Every structure is written in C-alpha cells, then in structure tokens.
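S.K.: Based on what follows, work out the 3D shape:
(2 chains)
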Amino acid sequence: MTCKNTKEKFTEYLTGQLSNKEREKIQAHVAECDECRRELESLTEIWTKLGVLEEERPSARLSTRFYSMLEQYKQAEEENFQKARPGFFSRLKNLWPRKPAFQLALALGMLVLGLVIGNVWRVIPRQKAVNTALADEVQTMRQTLAASLIDQDSASERLQGVNMSYTLVNPDDELLDKLLSTLNSDSSVNVRLAAVEALYLFHDHPKVKQGLIDSLSQQSSPMVQAALIDLMVSIRERRAVDALKSLLDSEDLNPEIKDRAEQGIRRLSF
Amino acid sequence: MKKTIKKNIQLLGIALVILMVGGFLSAQDKAADKATVPFSNPNEPGLVKAGVRNGSITVTGYNGKEVVVEARVREKLITEEEIERNEKARGLKLVQVDTTGLRVMEDENVMRISVSSSKQTVDISIRVPYATSVSISVHENGDVRIENVNGEIEVSNHEGNIDLTGISGAVVAHAYEGEIKAVFKSVSPGLPMSFTSWQGDIDITLPSDTKANLKMKSGQGEVYTDFALQIVRNPDEGFDFNSDKLKNLKRESLRSFYYLSPPKVPDAPVVVSGESLEDLAVDFRGARGLALGEYYDISFNRYIYARINGGGPVYVFSNNEGDILLRKAK
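M.R.: Residues are numbered from 1 along each chain as shown, chains lettered A, B, ... in the order given. Prediction:
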C-alpha cells in the first residue's frame, strides 16, 4: 500500500467503515511509515476532540469589531459635521480645491472610499454566512458521527454517540429515531438512561414527546422507568397520565416505581 | 474355607463398586464442562459475550491466546423450607443433573458463551487473553467478577454484585440490587463510562490522574470522594451540552415547581427583603407544596457536575439507594 492510498482511507478507518482486512493493511503500513502514523495520530486526536468541541458560532468578535469601527467612524464624521455647521456651505466651498488636479484627486479619493465601504458592507454578511455554513457542517458531521456511534457493538461507543447528540441543536429525524429505538431496545440500561437524557433535550419535538410517552410501557428496568416518570413530571406532560395509569396496572411493578408513578399522576393532574 | 474367601472377595468387590460410585459422584460435583476455544484472529483483541440467567460469571485475564471456559452446576443445597414445602420428598435424596449445556460460539473474533439450563445454578469461569473486551450479564443467584482484563467492559447483574479489579479500559456497568465495585489500573482516554445501580453502593477507584467530567446522582444516598472536585455550576461548560438549549430548559423546569428540591421549609412569614424573585418563588412554591402535603423529590437531570484533573470524557454515577464512593488509587 502506498502512502497516498493509505491516507485516502483514513476517514473510513476512523469511522469504522473498513473491513478487517483493509484495517490490517492500514495498520501494517502505519506501523512502518512514520509520516502516515503521525498523520493518523493527529487525525485520531482531532476526531476524538470533535466530540468535546465547543459549538462553532459565527464569530461575534468580527462583527463587533466592524461595528465599533463603523461607530467610531460615524462619530468622527458627526463631530466633523458639528464643527462644520457654522457657515457650513461657505466652509464647504472653501474646502473645494481650486486646482482641477486636486479636484480630480478628491473625486477619485471619494470613489475609493465609497468602494471600500461598499465592499466591507458586502464582506461582513458573507463572512457570517461562511461561519454559519461552517457551524452547520460541524453539526452535520457530529450528527453523522453520533448516528454511527449509536450503531456500534461496544456499549462505551454507543454511550459516546448518545452523549454527542446532547450537543446538537436540531438533530434530524433519523437521529431522533435512533435515539428512540436506543431508548426502547438497547441491551444496556446505562445507554438507555443516557438516551432518556438526550431525548429530554429534544422533548419539544412532537415525535420525541410521543415516543417518550409510548416508551413507558416498554421499559422493564426500574431505573429507566423512574427516569421517564421524572421526565414526564419535569416537562409537565399531562398526556402521560394515561400511560402512567396503565403502568400501574402492569404486573411485577417495583413498589417504589408504583409510588413514583402515583405521585407523578397526582402532580400531572394537579 | 474357600467359601469364606469367595464371600470376602465378593464383599470386597461390592465395597469397591460403592467406593467407585461414591468417588464418581463426588468427582461429579467438581467436574466441569470445559471448552478451550481460540479467536479466529488471535492477534487482534477479541470480544467475549457471556450470559447466564441463574448463576455467576468470573472472567480473568491470563497470559495466553485462547479462551478457556469452565461451567459447573452449583450443588443445590436443600433448605428446610424446601423440605417442608415438599413433604412427599422427605427421606429421599435430590437427584441433580450436572450437565450445564455449555455453548461456545466464535465468529470473527466475537465469542458467545451461554448455558442452556436456567433451572440449575451454573457458575462459569472464563479465562481470556489480557487484551479482550467483555460483555457479561447475569440475572440471579450470583456475582460477576472480572479481573485483570484490558478492554471495554459491559456488565449487568440483576440480583448480585459486580466486582471489577485490576482492569484497564472503559466500563459500562449496571447492577439492580447489588453493588458495583471497580478498581481501575488505567482508563481509556476519551471513552465515556457509566455506573448505575438501583439499590447498591457504587464504589469506584480511579487512577489519581484520571481526567474526567463527572455526573453524579444518588437518589437517597450520599456522594463521597477524595478527588479534588471542580464543581461545575453550568453543566453546559464542557459537558457536551448544548448550552442555550439547556439554559432554556432550566428556566422552563424552574417554572414547573417540581424542579425544586429538597423541600424548603418556609419561614412564616417569608422574609422578602434582599432576596431575588427566584428565591421568593422557591419559598412560595415550597409553602404551597407543604400545604398540600407533597414532598419534592422528583426532579429530572439533578446531577452533581464536576471535573477532575481538568476534565475529560463524561463518567456517569447514578443510583437510587446506596452511596456513591469515588476513590483515588493509592
């Protein structure tokens, strides 16, 4: 394997999309080639950091700086204007250069100033757009990464995927579906609990709300049941009362969960 | 004379048979179903998934390449209660079947270990190469013990305890009734962990230089530690939370008065001066709640958030009863 086609495979290597054979090839190459190893290490580091990365926002500093500059400029102009007020027109007339060469220079100067200001005005929104696009891209990347981690065999990685979804602003339907199915059928109680917390953040989404209510009847672990009841009470979801009532009818219900569900019903109907 | 000798020999023969049967029986108590299975790719760390409904599982890392599984039926001790319950069986001996129905399947470095019997209690012991990930589940009648394993560990035990020692890697553990104890040699950087129990203590020893963001919640117990905690008031900082979203939610939850806890006994009359509106609201709601005979222990997402050694991946510790003990390895 050459350095070039090894490097091309790095992304797939990191997302775990490679077959064992291909992984081995890359590992073998990396073991021998210092440069590729360094690159893979730094990529891995970036990949890991992505999870804990602060959300990229359109730089507030840039626009603040521009607006303060503009403010200063405006103030200066205003001051000039104030100063110029007494006998404004006569002064203006005085300012007008006598020599045609200077007149031309002044006109050109004004033109340049106009162009500069015009361009700055155009650049600022574009810069904002670029930053927003970047933030969107990071969101999309995270979403994809979260979704692919949730599918993993290892509970730690699934947990990482669910944790990563905490940072998303508007996860797409696919990810929400994944979180809901994790909540109902993940083999690990720990991962299911993490899913409750993730879905809590997106509870205003109608699909999520309904999914959370429906999930009450599907949980066997008291820990997850308790977390769901607490969540319903916390978001004051009155529609959950029926689900809580039918939970009370289920056999083998943990006595503490029974208490909690009854308390929840009281509070939600209050 | 001859007759006597013959008789003696006969007796000796009978005695021998009895001895052999006895020996056979007692040996059977200890005999185990045993299997030694290699991974299909022994040079890469494998994954062992083992589950038993009724029994215990012990996993030990060893300096070898194969997985050695031993399963044995635990001798059933007949209690007085059981004898009373089954009066007809008085004076008779219980006949126990002693095959476990052990099943070991290997496919692409994933080894699945199970037993067919759920009526008998089966103790499984598994020896694995040091670098192996494990996923273990037990439902009743035994503990899960894992020693000297370096990998990702997923473990659940409904009734018994979980005891992890000398482990390296990342752990996701849930015990319903039992306690979780884990002593780490080292942790995987970057991987999150989670320890949850309904009724048991959670007692975890981490290397003193572990970098982590801790999320801890004990419903009725306490949290103890000798780590220097850097308490985080706004958990969105570095806790992988979408800050705006969480802030909005917090405000929203505060509006619904179940968020508050523990119950605040209101002084009567409530002192207003120098207090923020929010505090006042707390008192008001507290008073209202007490008047209704309510107790505010319901709240969602009420964790203690803290960093150790500057922070790292998120470790969750959560139980309902029992304490949380987080220790520094000495």
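
S.K.: Can you dump the C-alpha atoms of stretch A:71-82 in CSV for me?
M.R.: Listed next in CSV are the C-alpha coordinates belonging to stretch A:71-82 (Å, rounded to 0.1, in the frame of the first residue of the first chain):
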residue,chain,number,x,y,z
GLU,A,71,-19.3,53.6,15.1
GLN,A,72,-16.0,55.3,15.6
TYR,A,73,-16.1,56.4,12.0
LYS,A,74,-19.6,57.7,12.3
GLN,A,75,-18.8,59.6,15.5
ALA,A,76,-15.8,61.2,13.9
GLU,A,77,-17.9,62.2,10.9
GLU,A,78,-20.6,63.6,13.1
GLU,A,79,-18.1,65.6,15.1
ASN,A,80,-16.7,67.0,11.8
PHE,A,81,-20.2,67.7,10.8
GLN,A,82,-20.9,69.5,14.1
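
S.K.: Check the average confidence over that stretch, would you?
M.R.: Averaged across stretch A:71-82, pLDDT comes to 75.

S.K.: My read is that B:Leu191 contacts A:Arg158, right?
M.R.: No. At 11.1 Å, B:Leu191 does not count as touching A:Arg158 under the criterion of C-beta atoms under 8 Å. (Glycine included, C-beta is placed from N, CA and C.)

S.K.: Show me which of the two is the more surrounded one.
M.R.: Using other C-beta atoms under 10 Å in any protein chain shown, the more surrounded residue of B:Leu191 and A:Arg158 is A:Arg158, with 26 against 21.

S.K.: Confirm A:Gly109 sits in a strand?
M.R.: No. Going by DSSP: H, G, I helix; E, B strand; the rest coil, the assignment for A:Gly109 is helix, not a strand.

S.K.: where's B:Leu47, which helix or strand?
M.R.: Using DSSP states H and E, the element containing B:Leu47 is strand B:46-62.

S.K.: next one: A:Lys128
M.R.: For A:Lys128, the host element (DSSP H and E) is helix A:100-150.

S.K.: packing partners for that helix?
M.R.: Secondary-structure packing of helix A:100-150 (3 or more C-beta pairs under 8 Å, 6 or more residues apart in numbering or on different chains; DSSP states H and E): helix A:34-52, helix A:60-84, helix A:155-165, helix A:173-185.

S.K.: of the ones you listed, which approaches B:Tyr303 most closely?
M.R.: Checking the helices and strands packed on helix A:100-150 against B:Tyr303 by C-beta to C-beta gives helix A:155-165 as the closest, at 13.3 Å.

S.K.: Do any residues in that closest one lie close to chain B?
M.R.: Yes. With C-beta under 8 Å from any C-beta of the partner chain as the measure, helix A:155-165 is seen reaching chain B through A:155-157, A:159-160, A:163-164.

S.K.: Could you confirm whether stretch A:183-196 reaches chain B?
M.R.: Yes. Residues of stretch A:183-196 contacting chain B under C-beta under 8 Å from any C-beta: A:188-191, A:193-194.

S.K.: Helices - which of those land there?
M.R.: Judged by DSSP state H, these include A:189-191, A:193-194 as members of helices.

S.K.: Dump these to CSV, plus pLDDT and neighbour count.
M.R.: CSV is the format used below for these (pLDDT from 0 to 100; neighbours: other C-beta atoms under 10 Å in any protein chain shown):
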residue, pLDDT, neighbour count
A:Val189, 94, 26
A:Asn190, 95, 29
A:Val191, 95, 23
A:Leu193, 93, 25
A:Ala194, 92, 31
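
S.K.: counting contacts, what elements does the helix or strand that contains A:Arg266 pack onto?
M.R.: For A:Arg266, the element it lies in under DSSP H and E is helix A:255-269. Helix A:255-269 sits against helix A:222-234, helix A:240-249, with contacts defined as 3+ C-beta pairs under 8 Å, 6+ apart.

S.K.: For chain B, which of these is the nearest?
M.R.: Across the helices and strands packed on helix A:255-269, chain B has its closest neighbour in helix A:222-234 (3.7 Å, C-beta to the nearest C-beta).

S.K.: And the contacts of the closest one?
M.R.: By C-beta atoms under 8 Å, 6 or more residues apart in numbering or on different chains, the list of residues contacting helix A:222-234 from outside reads A:183, A:189, A:192-193, A:196-197, A:200, A:203, A:212-213, A:215-216, A:219, A:240, A:243-244, A:247, A:254, A:256-257, A:260-261, A:263-264, A:267-268, B:174, B:176, B:196, B:198, B:253, B:256, B:258-259, B:298-301, B:318, B:320.

S.K.: Now the buried members of the residues you listed.
M.R.: Neighbour counting by 16 or more other C-beta atoms under 10 Å in any protein chain shown classes A:183, A:189, A:192-193, A:196-197, A:200, A:203, A:212-213, A:215-216, A:219, A:240, A:243-244, A:247, A:254, A:256-257, A:260-261, A:263-264, A:267-268, B:174, B:176, B:196, B:198, B:253, B:258-259, B:298-301, B:318, B:320 among the contacts of helix A:222-234 as buried.

S.K.: relative orientation of the helix holding A:Arg266 and helix A:222-234 in degrees?
M.R.: Computed by axes from the mean of the first three to the mean of the last three C-alpha atoms, to 10 degrees, the angle separating helix A:255-269 from helix A:222-234 equals 10 degrees.

S.K.: mean confidence score for helix A:255-269?
M.R.: On average, the pLDDT along helix A:255-269 is 88.

S.K.: Could you export it as PDB, CA atoms only?
M.R.: Taking Å, rounded to 0.1, in the frame of the first residue of the first chain, the C-alpha atoms of helix A:255-269 are listed here in PDB:
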ATOM      1  CA  PRO A 255     -43.200  -0.800  44.600                       C
ATOM      2  CA  GLU A 256     -41.100   2.300  44.500                       C
ATOM      3  CA  ILE A 257     -41.900   2.800  40.900                       C
ATOM      4  CA  LYS A 258     -45.600   2.400  41.800                       C
ATOM      5  CA  ASP A 259     -45.200   5.200  44.400                       C
ATOM      6  CA  ARG A 260     -43.400   7.400  42.000                       C
ATOM      7  CA  ALA A 261     -45.900   6.800  39.200                       C
ATOM      8  CA  GLU A 262     -48.800   7.600  41.600                       C
ATOM      9  CA  GLN A 263     -47.000  10.700  42.700                       C
ATOM     10  CA  GLY A 264     -46.400  11.600  39.100                       C
ATOM     11  CA  ILE A 265     -50.100  11.200  38.200                       C
ATOM     12  CA  ARG A 266     -51.100  13.400  41.100                       C
ATOM     13  CA  ARG A 267     -48.700  16.100  40.100                       C
ATOM     14  CA  LEU A 268     -49.600  16.000  36.400                       C
ATOM     15  CA  SER A 269     -53.400  16.100  37.100                       C
END
